[in-house]
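Peer 1: sequence plus the predicted model coming up.
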Amino acid sequence: MTTCHLFCRVIDNYGDLGVCWRLARHLAAGHGVSVTLFVDDLASFTHLAPVLNPELATQSLGDISVHHWRSDQPLPAPADLVIEAFACDLPAEYLAAMASSPRPPAWINLEYLSAEDWVAGCHGLDSVHPQLGLLKTFWFPGVEARTGGLLRSAEELAIMQEAADSPAAFLAGLPAAACNGMPQISLFGYEQPAMAGLLDALAADSTPRCLNVFQGRALSDVEQWLGQRLLPGVAARRGALSLRLLPLLPHADYDRLLAICELNLVRGEDSFVRAQWAGQAMLWHIYPQNDDAHLVKLQAWQQRVEDAALAAGTPMPAIWSERLQAWNRPDAARKPASEKAWQTFLQALPDIRAGLRAWRSCLLAEDDLASQLMRFYTNRVESRPT
């Protein structure tokens, strides 16, 4: 059995960890890999895997072994496949052990996702460690055939479809049942100057809706608009808008929620990818970077979605592109016409969903990330001199 060590440092609480936890499960369940996941922050991990005990140095979650990655804990001998997530820097002693192995591991640096054109040219490039001579391959997730793919599994897609077909069954397990009998929206994002305009439009709309707000960085903006705290299990309401507070959900339940919502407001990378598989209307709050570098990445994704939707005969409404930019540009969010623009956006949700489903069809035509990664590993191992 192939063994894999996957190393993750938790940044911004959940984003990087969400990707690593999902990849670990895909490798184990879909490809029979014996995965050990090394995580430096187990307290954050409990939000994604509530059964995890953050006090244990080593434990098993299903088929996956989880190790608390600490400088004072010795590491085991290197695995066949070693993945460092997002340049998290492996310990020097572990690198030395890799170099001294009779057959050094296949070493992967898992990079951040981008839809930019340059990704295809950089995916799969190798780098040689200057002192140890170890070969490291840079793995770039992406949205076209020449990149490393996106995380998905047949089981996850089936879970989403089942929830979409029977939303009442999932909603019955959420708090504040009074919010269930109406269209749903999910919110998991960063601090957001555009929030008030969207909430004003939802409250004034003729269609009653429920906004599911996750504990986290966007919550303060919602509570400021509402003028009160959101309490667990208690629905709040203003005009046509009901609001309920949700804890961070295990991955399967978060996937179900995305599948039943008519609009998903997501952030970062893992929730961004999940929302695309859900096939509902969505806006992505990309992680802000210095010099507005994130806006180039946002524009690259936006253009690919629009091109795919147009080619399928379901063009994206212009208001989607305009609101996507406003959701990511504080200066655009403060324009006086914001509430009216959000009203136009809400009216266009069915057309936005149709365009994003055309985009999802394009993504489904490519192999998933874990399958591509294991195919690369097999080819790399088979090509080694005996």
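Peer 2: Structure received.
Peer 1: break the chain down into its domains, please.
Peer 2: The chain resolves into domains spanning 3-150+367-382, 154-364 when parsed by automatic domain parsing.
Peer 1: want to throw these into a markdown table with mean pLDDT and mean neighbour count?
Peer 2: Where you see a C-beta, it was placed from the backbone N, CA and C, and this is true even at glycine. Supplementary listing: the domains of the chain in a markdown table, determined by pLDDT from 0 to 100; neighbours: other C-beta atoms under 10 Å:
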| stretch | mean pLDDT | mean neighbour count |
| --- | --- | --- |
| domain 3-150+367-382 | 94 | 18 |
| domain 154-364 | 94 | 18 |
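Peer 1: who's in contact with Ala169?
Peer 2: Remark: with contacts taken as C-beta atoms under 8 Å, 6 or more residues apart in numbering, Ala169 is in contact with Ala163.
Peer 1: residue closest to the middle of the protein?
Peer 2: To find the centre residue of the chain, average its C-alpha atoms and take the closest one (C-alpha atoms, centre = their mean): that gives Asp270, at 0.9 Å.
Peer 1: name the helix or strand for the residue nearest to that residue when sequence neighbours are not counted, please.
Peer 2: Distance criterion C-beta to C-beta, 6 or more residues apart in numbering; nearest residue to Asp270, sequence neighbours excluded, is Gly18 at 3.5 Å. Using DSSP states H and E, the element containing Gly18 is helix 15-31.
Peer 1: how about Leu48, nearest residue that isn't a chain neighbour?
Peer 2: Trp21 (5.7 Å).
Peer 1: I'd guessed the one you found sits against Leu52; true?
Peer 2: No - between Trp21 and Leu52 there is no contact, the gap being 10.0 Å when judged by C-beta atoms under 8 Å.
Peer 1: show me where the stretch 101-250 of the chain has helices.
Peer 2: Taking DSSP state H, counting those that start in this stretch as the test, the helices found in the stretch 101-250 of the chain are 119-122, 154-165, 167-171, 195-204, 219-226.
Peer 1: tilt between the longest one and helix 15-31?
Peer 2: Using axes from the mean of the first three to the mean of the last three C-alpha atoms, to 10 degrees, the interaxial angle of helix 154-165 with respect to helix 15-31 works out to 110 degrees.
Peer 1: counting contacts, what elements does helix 154-165 pack onto?
Peer 2: Contacts defined by 3 or more C-beta pairs under 8 Å, 6 or more residues apart in numbering; DSSP states H and E place helix 154-165 against helix 251-260, helix 270-278.
Peer 1: outside of it, which residues touch it?
Peer 2: Counting by C-beta under 8 Å, 6+ apart, helix 154-165 makes contact with 29, 169-170, 251-252, 255-260, 277-279, all of which sit outside it.
Peer 1: quick one, that helix and helix 251-260 angle?
Peer 2: Orientation note: helix 154-165 sits at an angle of 50 degrees relative to helix 251-260 (the same axes, to 10 degrees).
Peer 1: so for Leu310, what's the nearest residue that isn't a sequence neighbour?
Peer 2: Met316 (7.6 Å).
Peer 1: now do the phi/psi pair for that neighbour.
Peer 2: According to degrees, to the nearest 10, the main-chain angles of Met316 amount to phi -70, psi 130.
Peer 1: so what's it up against?
Peer 2: Contacts of Met316 (C-beta under 8 Å, 6+ apart): 305-306, 309-310, 351-352, 355-356.
Peer 1: mind running it again at 7 Å?
Peer 2: By C-beta atoms under 7 Å, 6 or more residues apart in numbering, the residues touching Met316 are 305-306, 309, 352, 355.
Peer 1: now, the residues you listed that are in helices?
Peer 2: Those of the contacts of Met316 mapping onto helices are 305-306, 309, 352, 355, per DSSP state H.
Peer 1: mind checking how far the nearest residue to Ala99 once chain neighbours are set aside is from Pro167?
Peer 2: Nearest residue to Ala99, sequence neighbours excluded (C-beta to C-beta, 6+ apart): Leu132, at 4.1 Å. Distance, Leu132 to Pro167, using C-beta to C-beta, to the nearest Å: 53 Å.
Peer 1: rewinding a little: measure the residue nearest to the centre of the chain to Val82 for me?
Peer 2: 21 Å.
Peer 1: sorry, back to before: pick the one among the contacts of helix 154-165 closest to Val10.
Peer 2: Proximity of these to Val10 was ranked by C-beta to C-beta; the top entry is His251 with 15.8 Å.
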